[in-house]
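Student: this one's structure only:
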């Protein structure tokens, strides 16, 4: 059929786990933006949702760290973290093993991709699903990008992954939605947790929403680490999404630094009707 929806959102564990400690005015506006994205996603009537997320050492570690991986299971359990800490109840999320197998087989023509038939979802997937698929009734296909353990894939390869993903999603008969999720500037699990570089975030988002490939691919990991923290390396998920939406620009529905959530919080969609 076609790719019917492409969007991006943040996934920090504080978004759900520390909700009561955030400024309610900013938090509620952020939550309303998630609700707006949920409504737009449902209106697109997807048969499956591909979630492009970042690795947090939940399923892969340095003894086996693929650059890119995709789930190929009929279901996924999550969250892997403590339910009370994340404020999300553990549950079983439906997958689609047959669709995953077809997508993986086609992507391998262009991008080397690992795959896993066993996968537990961490906050990187469960926080977006909490807002976007609250009934957990839409089959999910997870895509993982290593943003944690160097050496990391070049940004050009993240873009190529997005291009390949879009090509194969457009080729299958199912209606596919793609949502990328990651942080922009943040310093998780460090003494600087809660620090956010708003100016850096907004400059990156301006390039991302205009889908200016060369400017996005010009980012250097050393600069990103310095200006946006080790969490800023998750821009790979945004860049993969930009590759999937090549030729289209985006619309920012929400951005604000929310220190108690420890990330610059973002909700945006790409305009596929251009």
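Tutor: Received, thanks. What you see is a predicted model; the values in this text were computed from it and never measured.
Student: show me what contacts residue 179?
Tutor: 5-9, 41, 49-52, 128, 132 (C-beta atoms under 8 Å, 6 or more residues apart in numbering). Any C-beta I mention is one placed from the backbone N, CA and C, and that applies to glycine too.
Student: can you rerun that using 7 Å?
Tutor: Residue 179 makes contact with 7-9, 49, 51, 128, 132 under the criterion C-beta atoms under 7 Å, 6 or more residues apart in numbering.
Student: repeat for residue 253
Tutor: Counting by C-beta under 7 Å, 6+ apart, residue 253 touches 33, 36-37, 267-269.
Student: how about the helices of the stretch 51-200 of the chain, start to end?
Tutor: Applying DSSP state H, counting those that start in this stretch to the stretch 51-200 of the chain gives helices spanning 83-86, 97-107, 123-132, 155-171, 198-210.
Student: Out of those helices, which is the most enclosed?
Tutor: Of all these, helix 123-132 carries the top mean neighbour count, a mean of 25, counting by mean count of other C-beta atoms under 10 Å.
Student: Show me what it is packed against.
Tutor: helix 14-17, helix 24-43, strand 48-54, strand 175-181 (3 or more C-beta pairs under 7 Å, 6 or more residues apart in numbering; DSSP states H and E).
Student: quick one on the thing from earlier: quick one: the helices of the stretch 51-200 of the chain as CSV, columns for distance to residue 148 too.
Tutor: Formatted as CSV, the helices of the stretch 51-200 of the chain follow (distance: least, C-beta to C-beta, whole Å):
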stretch, distance to residue 148
helix 83-86, 19
helix 97-107, 22
helix 123-132, 11
helix 155-171, 14
helix 198-210, 19
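Student: Reformat these as TSV; add mean pLDDT.
Tutor: As requested, the helices of the stretch 51-200 of the chain are exported to TSV (pLDDT from 0 to 100):
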stretch	mean pLDDT
helix 83-86	97
helix 97-107	98
helix 123-132	97
helix 155-171	98
helix 198-210	98
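Student: So for residue 75, which of those sits nearest?
Tutor: helix 97-107 (8.9 Å; C-beta to C-beta).
Student: Show me what that closest one is in contact with.
Tutor: Applying C-beta under 7 Å, 6+ apart, the external contacts of helix 97-107 come out as 48, 70-74, 113, 115, 141, 164-165, 168, 171-172, 174.
Student: how about 8 Å then?
Tutor: Helix 97-107 is touched from outside by 47-48, 50, 70-74, 113, 115, 117, 139, 141, 161, 164-165, 167-169, 171-172, 174, with contacts defined as C-beta under 8 Å, 6+ apart.
Student: before we move on, back to that, looking at the helices of the stretch 51-200 of the chain, which is closest to residue 244?
Tutor: helix 155-171 (3.9 Å).
Student: Just give me the closest of the contacts of residue 253 to residue 151.
Tutor: Lowest distance from residue 151 to those (C-beta to C-beta) belongs to residue 268, with 28.8 Å.
Student: Isn't that closest one up against residue 8?
Tutor: Yes - contact criterion C-beta atoms under 8 Å: residue 268 and residue 8 qualify, at 5.1 Å.
Student: separation between the closest residue to residue 124 other than its chain neighbours and residue 6?
Tutor: Spatial nearest neighbour of residue 124, excluding adjacent residues (C-beta to C-beta, 6 or more residues apart in numbering): residue 53 at 4.1 Å. Here the criterion is C-beta to C-beta, to the nearest Å. By it, residue 53 lies 15 Å from residue 6.
Student: Could you point out which of the helices and strands packed on helix 123-132 sits nearest residue 153?
Tutor: Across the helices and strands packed on helix 123-132, closest to residue 153 is strand 48-54 (C-beta to C-beta), at 12.0 Å.
Student: So residue 161 versus residue 155, what's the distance?
Tutor: Between residue 161 and residue 155 the computed distance is 10 Å (C-beta to C-beta).
Student: same thing with residue 142?
Tutor: Using C-beta to C-beta, residue 142 is found at 21 Å from residue 155.
Student: now residue 58
Tutor: According to C-beta to C-beta, residue 58 stands 23 Å off from residue 155.
Student: what does residue 66 give?
Tutor: Going from residue 66 to residue 155 by C-beta to C-beta gives 17 Å.
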